[in-house]
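**Q** structure, please.
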Amino acid sequence: FPTFLAVFRNRPYVIILLTYALNLTALNFVQGILVYYFKYLYHNEALTTLAMVILLLTAMACIPISVLVSKRVGKKRTYQFSLLVLALSCLVIFFLAHVLGSSFFLGMMVVAGVGIGFGYVSPWAMVPDAIEYDAVRTGKRKEGAFYGMWTFTSKVGTSLAIFLTGLILGWARYSANLPEQGEAARLAIRLLIGPIPAVIFLAAIVLVQRYPLDEKTYDAAIEAGRVG
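**A** Reported below is the predicted structural model:
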């Protein structure tokens, strides 16, 4: 327990840990409700698969681009860009997709895919910096504790999104047995793919802004630790 609790004394690590947990929570809101959106707002559940394919292919194409961008503007800025694109995508879908139709929604999957692609590498590149910073500062290596807490917190974020999705749908009187949902349930589905994850993405942007280890700061800290 002392080893696991010690990871919370590493401020850069705690910031990126909580940011990533927020990121995963928001993504799981969107992923979990996607099939409901196509089923009850477009009455075409089969399009869910196409939407996911578009999302993932775009994300895969953007990953190498994000690495190049990260080298120019930094990991933190690249991650913030990713979160901002995802937040804006959710809001646009909420306000327009139910009016403009499924083709517009599929087009927004391309935009959201850019956000996911740009946010794939950055957090996994930032957490090793925080861990190495801790090792230089304390003289002790605790990679197992850091990555164990990273995995645990990620699972908590995923589970929280699933739990809250069910809770919100329940409050909105969603019923799986009804082919046509009521207005409250349809609004809840739109909220779960729109403003709710968008607010979480925006909160993650604000939080990760406090991450102190940019490239220059990290290099200086490591060099000072080695000299010391």
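**Q** ok, Glu180 - contacts?
**A** By Cβ atoms under 8 Å, 6 or more residues apart in numbering, the residues touching Glu180 are Tyr40. In short, each C-beta sits where N, CA and C put it, glycine included.
**Q** tell me the pLDDT at it?
**A** Per-residue pLDDT puts Glu180 at 90.
**Q** with Thr217 instead?
**A** pLDDT, Thr217: 67.
**Q** kindly report the same for His43.
**A** 93.
**Q** swap in Leu84?
**A** So, for Leu84, pLDDT stands at 98.
**Q** mind checking the SS state of the closest residue to it other than its chain neighbours?
**A** Spatial nearest neighbour of Leu84, excluding adjacent residues (Cβ to Cβ, 6 or more residues apart in numbering): Ile205 at 6.1 Å. Three-state assignment for Ile205 (DSSP: H, G, I helix; E, B strand; the rest coil): helix.
**Q** surely Ile205 meets Val85?
**A** No - the criterion here is Cβ atoms under 8 Å, and Ile205 misses it with Val85 at 10.6 Å.
**Q** those helices in this structure, which residues are they?
**A** 2-6, 11-40, 47-73, 75-92, 98-100, 102-118, 122-138, 143-171, 183-193, 195-208, 215-227 (DSSP state H).
**Q** and these, which one's lowest on average pLDDT?
**A** It's helix 215-227: among the helices of the chain, that one has the lowest mean pLDDT, namely a mean of 61.
**Q** and stretch 18-36, what's buried?
**A** 18-34, 36 (16 or more other Cβ atoms under 10 Å).
**Q** for Gly32, see how far away Gly166 is.
**A** The spacing between Gly166 and Gly32, counted by Cβ to Cβ, to the nearest Å, is 9 Å.
**Q** and for Pro128?
**A** 30 Å.
**Q** Phe163 versus Gly157, what's the distance?
**A** From Gly157 over to Phe163 (counting by Cβ to Cβ), the distance is 11 Å.
**Q** what of Arg173?
**A** Taken as Cβ to Cβ, the span from Arg173 to Phe163 is 18 Å.
**Q** with neighbour numbers in mind, choose between these two.
**A** Arg173 (13 against 10; other Cβ atoms under 10 Å).
**Q** wait, that one sits on Leu187?
**A** No - with contact defined as Cβ under 8 Å, Arg173 does not count as touching Leu187 (10.9 Å).
**Q** for the residue nearest to Leu84, the count of nearby residues, please.
**A** The number of residues near Ile205, taken as other Cβ under 10 Å, comes to 19.
**Q** got it, and Gly166?
**A** Counted with other Cβ under 10 Å, Gly166 comes out at 12.
**Q** and Val67, by the same measure?
**A** Neighbours around Val67, by other Cβ under 10 Å: 16.
**Q** now the one 10 residues further on
**A** Here the count is done by other Cβ under 10 Å, and Arg77 has 16 residues near it.
**Q** next one: it from Asn23, what distance?
**A** 15 Å.
**Q** stretch 169-184: end-to-end distance?
**A** 9 Å (Cα to Cα, to the nearest Å).
**Q** give me the buried positions along it.
**A** Leu169, Ala172, Tyr174, Gln181.
**Q** again with stretch 47-67
**A** Leu47, Thr48, Ala51, Ile54, Leu55, Thr58, Ala59, Cys62, Ser66, Val67.
**Q** how much space between the second one and Ser102?
**A** Right, the one you point to is Thr48. 10 Å.
**Q** right, I'll leave it there.
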